[in-house]
Structures are given as structure tokens and as C-alpha cells.
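Asker: Compute the structure for the input listed below.
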Amino acid sequence: MKAIWNGVVLAESDEGIVVEGNYYFPPESVNREYLKESATHTTCPWKGVASYYHVEAGGKTNKDAAWYYPAPKEAARQITGYVAFWRGVRVVPQAH
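Answerer: Alright, predicted model coming up:
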């Protein structure tokens, strides 16, 4: 899968994990130069506290368009540090 926004590939991997319809990319597959820490946090009853990134690419900023669980609850431990995207970021199959 690939995450694309504003013409830039943000992440690319076939080792991701799908949880609740969202594709979580492994930490090493994410192009971090496009991510900037956000102060936003949300809480999921079973996954725990999520942290967010703003996505910056091509001179534009997409606020809180990526999220991850730095220390999820036991039920979601398999996605520790994995990054998911939304807010207009397209997650599409890779062309082979």
C-alpha cells in the first residue's frame, strides 16, 4: 500500500496492519520528513491514546492527517508506533 498526499508518497509498505478499516504503516516505511509533531491527542476505548502528526508536503499543511499509538493498550499492541492516515491522504494499492 501507498499513502499519497499533494503528490508526495508519505509511506509505502506491504507489511501494514488493517485495524477498523484503517491501514497502519510500519514505522520504518513512513517518510518522516513530511511529518511534524502535533499537540493533538485522542483516546480510543480499546486502543488507548493516539498522537498525531501534521503532514507537510509541496508547500501545504494537512493538520492532524496522520496518527499513531506510541503506547497502545494490550489489545492493540501490534500497532505500536505504526502510522495511519486520513483527511484526504489517499491510501492505495501499490502498482507492481
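Asker: and the residue positioned nearest the centre of the chain, bridged to which residues?
Answerer: Most central in the chain under Cα atoms, centre = their mean is Ala84, positioned 2.4 Å from the mean C-alpha point. With DSSP bridges as the criterion, Ala84 is bridged to Trp67.
Asker: Report the separation between it and Asn62.
Answerer: 14 Å (Cβ to Cβ, to the nearest Å). Every C-beta, even on glycine, is put in place using the N, C-alpha and C of the backbone.
Asker: The residue nearest to Phe25 when sequence neighbours are not counted in helix, strand or coil?
Answerer: Nearest non-adjacent residue to Phe25, counting by Cβ to Cβ, 6 or more residues apart in numbering: Ala11, 4.0 Å away. Secondary structure assignment for Ala11 (DSSP: H, G, I helix; E, B strand; the rest coil): strand.
Asker: So Tyr69 sits against Tyr52, correct?
Answerer: No. Here Tyr69 does not reach Tyr52: they are 10.9 Å apart, not a contact under Cβ atoms under 8 Å.
Asker: what about these two, which has more around it?
Answerer: The neighbour comparison of Tyr69 against Tyr52 (other Cβ atoms under 10 Å) goes to Tyr69, with 22 against 19.
Asker: Can you give me the neighbour number for Ile4?
Answerer: Residues lying near Ile4 (other Cβ under 10 Å) number 16.
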